[in-house]
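Sequence and predicted structure below; questions after.
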Amino acid sequence: MKYKNSSSFANILDQNDPLGAYPEKFYYPKNKYGDNLIYFSGNSLGLQPKSVRTFVEKELDLWERKGLLGQHSRWKNFHEKFLETTARLVGGHSSEVVVMNALTVNIHFLLISFYQPIGTRKKIIIEKGAFPSDLYAIKSQIKFHGFSPLNTLIELTPREGESTLRTEDIINVIKNENQELATVMLGNPNYYTGQVFDMQAITNAGHEVGAFVGFDLAHGVGNLTMRLHDWDVDFAAWCSYKYLCAGPGAPGGVFIHNKHHDWKNHRFAGWWGQNKKTRFNMGPDFDPIKTAEGWQVSNSPVMGMAPLLAAMDIFDEVGMTAIRKKSEKLTGFLEYLIIKVLPEVTIITPENPIERGCQLSLVVPGGKKIFDELSNQGVVCDWRNPDVIRVAPHPLFNRYTEVYDFVIILKHILDK
Ligand SMILES: Cc1ncc(COP(=O)(O)O)c(C=O)c1O
């Protein structure tokens, strides 16, 4: 794509945008004069789809009118409404996904199954600078099994002078750990740098040495096109309040490859994972559903899931291929303008579109002060210590003209 540095060019891109009608389907935060803020924080909390209220009111209304009878007629199988759409979102089969719990909770539940340190095979790999919750979860899992993170946790570190990891280096670490490696779990994309890892190559490498491989897709779901089943990924977990726009604290989702569904090993069980035919017999023996649903523990948080239903309608209507196509162009435009207009800004996110999603991570002279000034001037993005401003134009609710306006605002601030 050949971009131009002008507002009229940004306008033309908006006018010709096949997804140009979608921003109208979301509520925008506004400043005190009633103007829309420039909202580039879909990687933290997606905007509210206007349809959400209707979806929530439907469940409130049923609860009001039917009480427990709503459980029998609708909520008992509520999570099943997400199986097909979620499978399309991550490139899996409907039996391989389920919406449940919150993200870190799911990471723990998945690691109980997919991190099984035994004998000399007890190491686990994560990327250095992973989201702290993932690191805490992994360290506590290691300790739970009676080991020390000091000689069990391996953190992948970029080469000297580089900000992101090279696939060849990740694979070499996996090969070197060989029989000592139990599990690989990476955040994809990494929340700080925005780097997307080659899931297929890493999964293959992990499997070659006999390890399980999984991903925290908090920043991947609704952002990247994925084929988790074909890539043979063992497990994955994500949240739905970021790119998926399902609201603060909305429930997460998991993927568990169907080759693991007849699981005989560890799992933490609960009644919602029980065979549906016998669940309400209230018997003492756990007979798990032989799909990802078998990892469920509790019944569905229907009120939290209703906004996700609204959001998934939109994602399913557009499809990840079209979403990703716009995202590459939108983020590409942002990158082009930054390089052209703001030479003092360093983009640490990889240049190659297949190694990134919506987000660009910017290192800006003046750091936090510049971020604060952006906030004062009506830009919603975020600051992550030690020195990054994360900017993530969302293909469903952001426009090319907002990208242009953002760069002009940042230029004015930096010129001052
Ligand atoms: C990569 C990543 N992992 C884990 C979490 C924690 O999510 P939760 O609070 O839903 O468990 C977040 C939250 O932003 C995240 O970005």
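It's in.

And for the residue in the stretch 251-400 of the chain that the ligand sits nearest to, nearest residue in space, chain neighbours not counted?
Relative to the ligand, the nearest point of the stretch 251-400 of the chain is G252 (6.2 Å; Cβ to the nearest ligand atom). C-beta: built from backbone N, CA, C; applies to glycine. The shortest distance from G252 to any non-neighbouring residue, by Cβ to Cβ, 6 or more residues apart in numbering, is to L103 (4.3 Å).

Can you show me the strands along the stretch 201-350 of the chain?
In order along the chain, the stretch 201-350 of the chain carries the following strands (DSSP state E, counting those that start in this stretch): 212-216, 235-238, 252-256, 346-347.

tell me which parts of the stretch 201-350 of the chain are close to the ligand?
Proximity of the stretch 201-350 of the chain to the ligand, by Cβ under 6 Å from any ligand atom, involves residues 216, 218-219, 239.

Including distance to V391, pLDDT and neighbour count, could these go into CSV?
CSV is the format used below for those (distance: Cβ to Cβ, whole Å; pLDDT from 0 to 100; neighbours: other Cβ atoms under 10 Å):
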residue, distance to V391, pLDDT, neighbour count
D216, 21, 98, 28
A218, 17, 98, 26
H219, 13, 98, 28
C239, 20, 98, 23
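
Residue of the stretch 201-350 of the chain closest to the ligand, please.
At 3.6 Å from the ligand, A218 is the closest residue in the stretch 201-350 of the chain, using Cβ to the nearest ligand atom.

and that residue, what does it touch?
Contact analysis of A218 by Cβ atoms under 8 Å, 6 or more residues apart in numbering lists 103, 131, 187, 191, 238-239, 242.

V97 contacts L83, doesn't it?
Yes - counting by Cβ atoms under 8 Å, L83 is a contact partner of V97 at 6.3 Å.

Show me which of the two is the more surrounded one.
When neighbours are counted by other Cβ atoms under 10 Å, V97 and L83 differ, and V97 comes out ahead with 29 against 21.

Okay, and the beta partners of that one?
Taking DSSP bridges as the rule, V97 bridges to F255.

Look up how far E84 lies from it.
V97 sits 9 Å away from E84, going by Cβ to Cβ, to the nearest Å.

hmm, back to that, for the strands of the stretch 201-350 of the chain, which one sits closest to A292?
strand 252-256 (4.4 Å; Cβ to Cβ).

Which other helices and strands does the closest one contact?
helix 83-90, strand 97-100, helix 103-114, strand 235-238 (3 or more Cβ pairs under 8 Å, 6 or more residues apart in numbering; DSSP states H and E).

ok and it relative to helix 83-90, angle-wise?
Strand 252-256 runs at 80 degrees relative to helix 83-90, counting by axes from the mean of the first three to the mean of the last three Cα atoms, to 10 degrees.

contacts for strand 252-256?
The contact list for strand 252-256, computed with Cβ under 8 Å, 6+ apart, reads 82, 86, 90, 92, 96-103, 105-106, 109-110, 221, 228, 233-240, 292, 295.
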